[in-house]
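# Take this sequence and fold it.
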Amino acid sequence: MSEKLGIIGFGNIAQAIATSLLEKNLLEPEDIICLVKSKKSVEEIKNNYKYNINIFESISDDSKRIWNCPIKLLSVKPQQLKEIKELKVNSTKRNTMISILAGVSIDRLKNQFPNHNCARAVTNIPITIGKGLTGISWGQEINNQDKIFIREIFNNSGKLYEFPEEYLDVFLALTSSAPAIIALIIESLADGGLSGGLQKNLSEELVIEMILGTVLLLRDSKISTSDLKNKVTSPAGTTISALRVLEERSFRSALMESIIEATKKSKTFK
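Here you go, the predicted model:
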């Protein structure tokens, strides 16, 4: 067997990455080997995932094959990292480990996987529809050939940004945690429409379309957020009344503090 990509953990993000590579014929199903924690997960993926990849329970004998893969994607929960036991293989070449675990530093990865060159990536849930944002920091030993392949992995599912590792925690807060904040804002605005008499589904649809249109306007017209705010805010009008309430409730400060707190939390996993 000569699998090219090993995936440890196969949740939504890992599935999105694998699916993109397979759909674009960058890899074949037989090129991928995946480990999951239980037999139940193995069966669910075999029954529901549309590609026939090699997938095994982590304690099975076949699971050892993953350590021969030249590149591995580590996609378990940070709390499960200590359960992953590296096996030495009969190879003179050091393989590469890419981790998408929140907050887990490259130094910690190198300590746990001493036979690997390590990189740390942070990505977000829109990767599941090909609109992901991924930040990556390279370990010093990773060669250019591996970097090209790894860039291809993430560029196929969205946009890739390369950073010094010190910036990955705030990148995580802004791009991986903030979608939940946006979802909360959408839900709250839709509830405001509901209280005004609109049906819940319609109110939420209107909010989502409004946000999408606003974001596209900002991106495509290249106007600043301040300019946009000024364009729709008239003296003694509805918009300034709404903004005044948000300022009184420290809305802006609360959003800033939420990103700061998420950044701090990411650092605790190191």
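
# okay, CA-based contacts and neighbour counts for the rest of this
Fine.

# May I have the phi/psi pair for the nearest residue to residue 157 once chain neighbours are set aside?
Counting by C-alpha to C-alpha, 6 or more residues apart in numbering, residue 157 lies nearest to residue 130, which is 4.2 Å off, once chain neighbours are set aside. Residue 130 adopts backbone torsions of phi 80, psi 20, taken as degrees, to the nearest 10.

# residue contacts, residue 130?
Residues counted as contacts of residue 130 (C-alpha atoms under 8 Å, 6 or more residues apart in numbering) are 16, 20, 156-158.

# average pLDDT for the helix or strand where residue 44 lies?
Following DSSP states H and E, one finds residue 44 within helix 39-48. For helix 39-48, the mean pLDDT works out to 93.

# Distance from it to the middle of the chain?
23 Å (C-alpha atoms, centre = their mean, to the nearest Å).

# Name the residues of it that come out as buried.
41-42, 45-46 (16 or more other C-alpha atoms under 10 Å).

# got those as JSON lines, with distance to residue 216 columns?
JSON lines is the format used below for the buried residues of helix 39-48 (distance: C-alpha to C-alpha, whole Å):
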{"residue": "41", "distance to residue 216": "39"}
{"residue": "42", "distance to residue 216": "41"}
{"residue": "45", "distance to residue 216": "36"}
{"residue": "46", "distance to residue 216": "39"}
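
# Can you tell me which of the residues you listed is nearest residue 253?
Nearest to residue 253 out of the buried residues of helix 39-48 is residue 41 (C-alpha to C-alpha; 42.0 Å).

# Distance-wise, check the closest one relative to residue 32.
17 Å (C-alpha to C-alpha, to the nearest Å).

# before we move on, back to that, can you dump the C-alpha atoms of whichever helix or strand comes after the helix holding residue 44 in PDB for me?
Downstream of helix 39-48, the next assigned helix or strand under DSSP H and E is strand 54-57. Provided in PDB are the C-alpha atoms of strand 54-57 (Å, rounded to 0.1, in the frame of the first residue of the first chain):
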ATOM      1  CA  ASN A  54      -9.600   3.400   3.400                       C
ATOM      2  CA  ILE A  55     -11.000   4.000   6.900                       C
ATOM      3  CA  PHE A  56     -10.100   2.100  10.000                       C
ATOM      4  CA  GLU A  57     -10.700   2.100  13.800                       C
END
